[in-house]
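**Q** Starting from these lines, generate the structure:
(one chain, ligands or ions: 1)
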Amino acid sequence: MPTDIEPLARHPKATRPGEKIGLHHSMCYGCGDEAPVGLRITVVAGEGVTTTATMKVEDWMQGGPGVIHGGVLSAAFDEVMGTTPLLLRKPVVTGHLAIDYAKPIPLGSTVHFTCEILGGVGRKIYTRAYAHLGDPDVLVAGAHALFIEIDLEKHFAGYRDKAVHAGE
Ligand SMILES: CCCCCCCCCCCCCC(=O)SCCNC(=O)CCNC(=O)[C@H](O)C(C)(C)COP(=O)(O)OP(=O)(O)OC[C@H]1O[C@@H](n2cnc3c(N)ncnc32)[C@H](O)[C@@H]1OP(=O)(O)O
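**A** Model (predicted):
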C-alpha cells in the first residue's frame, strides 16, 4: 500500500449506519437474492467508512472435509470489501485481493466480517477486513484489497449482452 493515501469520507447520502447496503444486482453471485447459486451476503453500513456482514457456512461451501473452501471465503471477502466503497458512492471493481487464512472455518459456523476503507489515491481505494466466528478476539482470516473506481456504463459496455437475468 502506498504511503501517500488520503483519508476518504463517507458520502452524505450514503446508507446510514445499521442499514443494509443495496444489492449490486439481483443475480450477483455475492449478494444477489435471485442468483441460482451464490453467497447471498447482506452488507450493513457501519460508522464512518466501515461495514459488517455475516455468512452462514453451508455444506455446499465445503473444501477440505468439514471446512469452508478457501475460494468461497475469498469471494465472501471480495463481496464485503467491494460493497464498502458504496459508502463513498463510488462503483468499483477489484484490482487486487490478498487473504490471510488463519484458522479452518467449520461447516455450520457463521462468519462475521468487518471491513474499513483505509484511504485512497486517485481512483484507487484501499480496504482491510477481518473475519471471526463470534469472538472478535479470535480472528479466523483477514484481507487487504485494492478497488479501482470505474465508470459503470463504460466498464460493462462490452459485456451487458451476455448478462443473465432472473427467470431466464
Ligand atoms: C447494476 C449495478 C452493478 C454494480 C456492479 C458494480 C461492481 C461491484 C462489485 C463489487 C463486488 C465484487 C467485486 C468484483 O469481484 S469485481 C470483478 C473482478 N475484477 C475485475 O474484473 C477487474 C478487472 N480489471 C480491470 O477491469 C482493470 O484492470 C481495472 C478497471 C481494475 C483498471 O484498469 P483501468 O484501465 O481502468 O485503470 P489502470 O490500469 O490505469 O489502473 C488504475 C490505477 O490502479 C492501479 N492498479 C490497477 N490494478 C492494480 C493491481 N492489481 N495492483 C496494484 N495497482 C493496480 C494502476 O496501477 C493505476 O494506478 P495509477 O497509475 O493511477 O497510480
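
**Q** Around the ligand, which positions in this structure sit nearby?
**A** 24-25, 30, 78-79, 82, 91, 93-96, 122-124, 146, 148, 150 (CB under 6 Å from any ligand atom). The C-beta positions use only the backbone N, C-alpha and C, and glycine is treated the same way.

**Q** any idea how far whichever residue of the chain sits closest to the ligand is from His11?
**A** Among residues of the chain, the one nearest the ligand by CB to the nearest ligand atom turns out to be Gly82. It sits 2.7 Å away. As judged by CB to CB, to the nearest Å, Gly82 and His11 stand 16 Å apart.

**Q** Name all residues that make contact with the nearest residue to Val121 once chain neighbours are set aside.
**A** Spatial nearest neighbour of Val121, excluding adjacent residues (CB to CB, 6 or more residues apart in numbering): Ile5 at 5.3 Å. By CB atoms under 8 Å, 6 or more residues apart in numbering, the contact list for Ile5 reads Leu118, Gly119, Gly120, Val121, Lys124, Tyr126.

**Q** quick one, which of Gly82 and His11 is more surrounded?
**A** Remark: of Gly82 and His11, Gly82 carries more neighbours, 24 against 14, as counted by other CB atoms under 10 Å.

**Q** three-state assignment of that one?
**A** helix (DSSP: H, G, I helix; E, B strand; the rest coil).

**Q** Correct me if wrong: it contacts Thr94.
**A** Yes - using CB atoms under 8 Å, Gly82 makes contact with Thr94 at a distance of 5.8 Å.

**Q** what residues do the two have in common as contacts?
**A** Ala145, Phe147.

**Q** Now do the residue of the chain closest to the ligand, the pLDDT please.
**A** Per-residue confidence (pLDDT) for Gly82: 98.

**Q** Over to Pro2?
**A** On pLDDT, Pro2 comes in at 84.

**Q** Same question for Ala166.
**A** 87.

**Q** now swap in Ser74 and tell me
**A** 98.

**Q** Now the phi/psi pair for it, please.
**A** phi -60, psi -40 (degrees, to the nearest 10).

**Q** and it, how many residues sit next to it?
**A** By the criterion of other CB under 10 Å, Ser74 has 16 neighbours.

**Q** Provide a list of residues in contact with His112.
**A** By CB under 8 Å, 6+ apart, the neighbours of His112 are Thr52, Ala53, Thr54, Ala131, His132, Leu133, Gly134, Pro136.
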